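In: Fold the following, please.
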Amino acid sequence: MTHSTRRAPTRTLLTTSLVVGLTVATAGCSSGTAPGDAGATARPHGFVEGASESREPQLRLLAVSGTGETALHDLLSSETTALDDVDVPTHSATDGRFLVTSSDSRTTIVDGGAWTVDHGDHTHYYAAEPRVVGTMAGGGPVEVHSSETTTTITWPERDEAVVLDRAALGQGTVEERTRIDARVLLPDGDRLVAATDDVVRVLDADGSPTGTEAACTDPAGGIVTRAGSVVGCSDGAVVVDDDGATAVPLPDGAERPTSFAARAGRPTVAGLAGDAGFWLLDSREHSWRLVPTERPLRAVAAVDDADEHVVGVDDTGRVVVHTLATGAIVATDPLVADDAPPLLQLDANRAYLADRGTGTVHEIDFADGARVARTIDLGVAPAAFAEVGL
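Out: Numbering: from 1, shown residues only. Next up, the predicted model:
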């Protein structure tokens, strides 16, 4: 299989107001003519080249083994498909559609072929052909974040980040718009949020500073929420929203989180608080909340639903569910035994914990007493893992 990589000159960004494949003049969803219909005279609202639109999320599990085997499991049909092999992954990250894996020298992008576009008053669910998109030189720990039109990939240890055309990625091409020196780089509407050299800066679409910035010592970890973009700092976080860049400090002496996780697009995110428990950061209210835990957690993510569920994996391999609205805490039996960072993913209804040793994925109904709803055999023992279609 041939994967094309095209490097475009820097400073030639498309503006993110040009939403590729979407008729933005239409406020609501229209049934229209199905994409690909030979009799169509106009593209329906939400049309995306090469994709089909559905009425429900097209959720899939994507895994890469320690030998580079790649498998995609469809959670609706229960079918598993093998994709092209990739480099053996040492690190990985996902944005809910693409799984980015890296070795010491190269980074690979795999398209899970399913994604969601949330327009606020309505939502589109898409499916397309999954595939290995291509590779880029350079490896190490990696992060990935996406808006509708832009994908950013960051290598924090190298202080290097790249801005990619997301529509091109969806068509199987790695098209670079520009590169930026940054430990954290987030796509935020028609701008970028970059952190390096002890400062968070808001950049325009070309990567030029807009003048909005805030101090942030030792930036690490970033996430895009419905209410703004979050960058972790040694003493708390900076939240970038319509009002600017605002420092949200932790209490003096508190142990900082170095990464954040939450259900896609939600305003409240979770991060580990050392061995003490976990932090919740409300990016809308600019406030922290510390939740102590019985045992140290190794991973945590906020569902941010009406019951305020938070899902974690503790140091014994149990999935632990906190329902903050009621104070209830429930846990599974130990499900994974290794000491590696847990492979935990979640959506609005389920959490998925993959076992690196066996290739088994435990599907947890976190709202029903942390019930193990089913176990799924991926066919490969995952070193990298993502839920896509979010």
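In: all helices for this protein, in order.
Out: 166-170 (DSSP state H).
In: Spatially central residue in it, please.
Out: The C-alpha lying nearest the average C-alpha coordinate of the chain belongs to D95 (CA atoms, centre = their mean; 2.8 Å).
In: Report the contact partners of that residue.
Out: V144, H145, S146, T151 (CB atoms under 8 Å, 6 or more residues apart in numbering). No exception for glycine: its C-beta is placed from N, CA and C like everyone else's.
In: Tell me the spacing between it and E213.
Out: Going from D95 to E213 by CB to CB, to the nearest Å gives 25 Å.
In: what do you get for G228?
Out: 15 Å.
In: quick one, which of these two is more surrounded?
Out: A direct count of neighbours by other CB atoms under 10 Å for G228 and E213 places G228 higher, at 23 against 19.
In: pLDDT score assigned to the more buried one?
Out: With respect to pLDDT, G228 has a value of 95.
In: How about H119?
Out: For H119, the predicted pLDDT is 80.
In: now G50
Out: 84.
In: quick one: it and E175, what's the gap?
Out: Relative to E175, and taking CB to CB, G50 is found at 16 Å.
In: neighbour count winner among these two?
Out: E175 (19 against 14).
In: low pLDDT regions in this protein?
Out: 1-46 (pLDDT under 70).
In: Okay, and the beta partners of the closest residue to the residue nearest to the centre of the chain other than its chain neighbours?
Out: Distances taken as CB to CB, 6 or more residues apart in numbering put S146 closest to D95, at 4.2 Å, once the chain neighbours are dropped. Assessed by DSSP bridges, S146 has beta-bridge partners T151.
In: right, and S52 touches A127 too?
Out: Yes - checked against CB atoms under 8 Å, the pair S52 and A127 is within contact range at 5.4 Å.
In: For those two, indicate the residue with more neighbours.
Out: Of the pair S52 and A127, A127 is the one with more neighbours under other CB under 10 Å, namely 21 against 13.
In: Name all residues that make contact with that one.
Out: Counted by CB under 8 Å, 6+ apart, A127 has contacts A51, S52, S54, Q58, G113, A114, G389.
In: and if we set it to 7 Å?
Out: Contacts for A127 (CB atoms under 7 Å, 6 or more residues apart in numbering) come out as A51, S52, S54, Q58, G113, A114.
In: Okay, it and G277: tell me how far apart.
Out: 38 Å.
In: Could you count how many residues lie near the nearest residue to G66 once chain neighbours are set aside?
Out: Excluding the flanking residues, the one nearest G66 by CB to CB, 6+ apart is A383, at 4.4 Å. Using other CB under 10 Å, A383 has 22 neighbouring residues.
In: ok, now how distant is A383 from R298?
Out: Taken as CB to CB, the span from A383 to R298 is 16 Å.
In: ok, A340 - contacts?
Out: R356.
In: measure stretch 150-167 end to end?
Out: 8 Å (CA to CA, to the nearest Å).
In: in it, what's buried?
Out: 150-156, 160-167 (16 or more other CB atoms under 10 Å).
In: How about stretch 65-82?
Out: Buried, per 16+ other CB under 10 Å, within stretch 65-82: S65, G68, E69, T70, A71, L72, H73, D74, L75, T80.
In: Rebuild those residues as TSV, extending it with distance to H119.
Out: As requested, the buried residues of stretch 65-82 are exported to TSV (distance: CB to CB, whole Å):
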residue	distance to H119
S65	36
G68	37
E69	36
T70	31
A71	32
L72	27
H73	28
D74	25
L75	24
T80	32
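In: ok, back up a step: what about the contacts of D95, which one has the most neighbours?
Out: Of these, with other CB under 10 Å as the count, T151 tops at 26 neighbours.
In: Look up how far V144 lies from that residue.
Out: Counting by CB to CB, the gap from T151 to V144 is 7 Å.
In: Between these two, which contacts overlap?
Out: D95, F98.
In: pretty sure V144 is touching P156, no?
Out: No - when contacts are counted by CB atoms under 7 Å, V144 is not listed as touching P156 (11.9 Å).
In: need the contact list for G207.
Out: Contacts of G207 (CB under 7 Å, 6+ apart): T178, I180, L192.
In: what's the distance between V162 and F98?
Out: V162 is 13 Å from F98, by CB to CB.
In: One more: V248?
Out: Distance from V248 to F98, by CB to CB: 29 Å.
In: And the two? Which one has more around it.
Out: F98 (25 against 19).
In: The closest residue to T217 other than its chain neighbours: how many residues sit nearby?
Out: Nearest residue to T217, sequence neighbours excluded (CB to CB, 6+ apart): S234, at 4.3 Å. By other CB under 10 Å, 13 other residues sit near S234.
In: wait, S234 sits on C216?
Out: No - with contact defined as CB under 7 Å, S234 does not reach C216; the gap is 8.1 Å.
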